[in-house]
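Participant: coords please:
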Amino acid sequence: MNDRSVSLLDHYEIEVNRTWKGRGAILCESDKGLLILKEYSGPADKVKFQDFLLKHINESGVVQAESILRTKEDELTAADSDGTLYIVKSYYEGRECNYRDSEECSQAVCTLARLHCAADLSSCEELQTQPVFRIENEYEKHNRELKKVRKFLQEKSQKTDFEIYLMKHYDYFMNNALQITDELRYYAYEEDSYEFPVVCHGDYQYHNILRTDHGNVLINFEKCVRDYPVRDLYLFLRKLLEKNNWSQALGNLLLESYNRERSLTDQDYRQLYYRLAYPEKFWKIVNFYYNTGKAWIPGRNMEKIEKLFAQEREKQLFLENIFKK
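Facilitator: Okay, the predicted model is just below:
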């Protein structure tokens, strides 16, 4: 973002005291409190639904979330001279949730469960404007990409150390991805269609959980989506478990924390199991490798893939002991 973007604040009924640059955004101290100006790249109808969802959540009173500021023309976005859209939202004094602190993470999961209670839109017509997300469709797309990269590697005559190491373990993760996708489609859905009345945050990780003097505040709802609530729980769990070598004690703590606020059903557990079991981290590493320059492969890629392989046994033990009791 550049200083020219600051002029967009003139579109709002606010008195600006000062501005400063943040991470990919501009922060603003104003008579309406602390605000953040960010570029908005999503569709127009999505920001309208996001605004509706945030109002619904905040009105519930059970969890605190950001809100979107409207312009003087009552619009949710403002465009600069190039036509780039921006959005202004409330922001808060605080810090990100500390993923190294198990108590803070437990509180974050309790907040997530309360969010899912507040984001149940089963009685709202606006829910029907949003498409239902089906995880098996995404996994099938990932699987096609994995097959494509495997074929590319098999046909490549000269391989780097990273590519040799990758190919050594490729079939294990590829077969795992195919099996999990098939089982998910067969076992993880009940016969009657699920209405997906809960709207997920879509990107629930410690970056988007601000700890303030008034409790946790949730931000960055741009990826909100109709899906099983475990979508958010899965993402939060996976990120933390990868950083903690798939600790069963931590996993149990977080699941118990969620269940205290909102009980997980058997179907929720099935969904959570298959989402954790799918080798998404492997797909991410492979996808990043294939879609960037292959002449020079960053050493960080090798570190990530070695860590992934090293943690696989602990991950399988976690899944076995936590879900197959």
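
Participant: what ranges do the helices span in the stretch 101-250 of the chain?
Facilitator: 102-118, 135-155, 161-187, 230-243, 248-261 (DSSP state H, counting those that start in this stretch).

Participant: want to try CSV for those, with mean neighbour count, distance to C200 and mean pLDDT as columns?
Facilitator: The C-beta positions use only the backbone N, C-alpha and C, and glycine is treated the same way. CSV is the format used below for those (neighbours: other Cβ atoms under 10 Å; distance: least, Cβ to Cβ, whole Å; pLDDT from 0 to 100):
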stretch, mean neighbour count, distance to C200, mean pLDDT
helix 102-118, 21, 8, 97
helix 135-155, 15, 11, 95
helix 161-187, 16, 17, 93
helix 230-243, 21, 5, 95
helix 248-261, 17, 13, 97
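
Participant: Is it possible to get those helices out as JSON lines so that each row also shows distance to Y206?
Facilitator: Putting those into JSON lines (distance: least, Cβ to Cβ, whole Å) gives the following:
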{"stretch": "helix 102-118", "distance to Y206": "7"}
{"stretch": "helix 135-155", "distance to Y206": "22"}
{"stretch": "helix 161-187", "distance to Y206": "26"}
{"stretch": "helix 230-243", "distance to Y206": "7"}
{"stretch": "helix 248-261", "distance to Y206": "13"}
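
Participant: of all those helices, which lies closest to Y278?
Facilitator: Nearest to Y278 among these is helix 161-187 (4.6 Å), distances taken as Cβ to Cβ.

Participant: Give me the pLDDT value at K325.
Facilitator: Per-residue confidence (pLDDT) for K325: 56.

Participant: re earlier: what's the closest of the helices of the stretch 101-250 of the chain to K46?
Facilitator: That would be helix 230-243 among those, by Cβ to Cβ, at 16.7 Å.

Participant: Packing partners of the closest one?
Facilitator: Contacts defined by 3 or more Cβ pairs under 8 Å, 6 or more residues apart in numbering; DSSP states H and E place helix 230-243 against helix 102-118, helix 248-261, helix 266-277, helix 280-290, helix 299-323.

Participant: Name the surrounding residues that touch that helix.
Facilitator: Contact with helix 230-243 is made by 99, 105, 108-109, 112, 115-116, 133, 135, 200-206, 225, 247, 250-251, 254, 258, 264, 268, 271-272, 275-276, 280-281, 311, 315, 318, as judged by Cβ atoms under 8 Å, 6 or more residues apart in numbering.

Participant: at 6 Å instead, please
Facilitator: 99, 112, 200-201, 204-205, 268, 271-272, 275 (Cβ atoms under 6 Å, 6 or more residues apart in numbering).

Participant: Could you dump the helices and strands packed on helix 230-243 into a markdown table with distance to L9 added?
Facilitator: A markdown table is the format used below for the helices and strands packed on helix 230-243 (distance: least, Cβ to Cβ, whole Å):
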| stretch | distance to L9 |
| --- | --- |
| helix 102-118 | 29 |
| helix 248-261 | 38 |
| helix 266-277 | 40 |
| helix 280-290 | 36 |
| helix 299-323 | 38 |
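
Participant: Which one, of those, ends up nearest to E59?
Facilitator: Between E59 and the helices and strands packed on helix 230-243, the shortest gap by Cβ to Cβ is with helix 102-118, which sits at 8.6 Å.

Participant: tell me the angle of the closest one relative to helix 230-243?
Facilitator: 170 degrees (axes from the mean of the first three to the mean of the last three Cα atoms, to 10 degrees).

Participant: Need the residues that contact helix 102-118.
Facilitator: 57, 60, 62-63, 97-98, 198, 204, 209, 216, 229, 232, 253-254, 257-258, 261-262.

Participant: What of stretch 83-99?
Facilitator: 8, 34-40, 66-69, 77-79, 104, 108, 206-207, 209-212, 217, 240.

Participant: Type out the ChimeraX command that picks the buried ones from those.
Facilitator: In ChimeraX syntax, the buried subset of those is picked out as below (16 or more other Cβ atoms under 10 Å):
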select :8,35,36,37,38,40,66,68,69,77,78,104,108,206,209,210,211,217,240
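
Participant: Y139: which of the contacts of helix 230-243 is nearest?
Facilitator: Y139 lies nearest to R275 out of the contacts of helix 230-243, by Cβ to Cβ, at 9.1 Å.

Participant: For that closest one, give me its contacts.
Facilitator: Taking Cβ under 6 Å, 6+ apart as the test, what R275 contacts is Y234.

Participant: let's see 8 Å
Facilitator: By Cβ under 8 Å, 6+ apart, the contact list for R275 reads 135, 230-231, 234.

Participant: Quick check: the gap between it and L35.
Facilitator: From R275 across to L35, the span is 35 Å (Cβ to Cβ, to the nearest Å).

Participant: cool, and C110?
Facilitator: For C110, the distance to L35 - Cβ to Cβ - is 28 Å.
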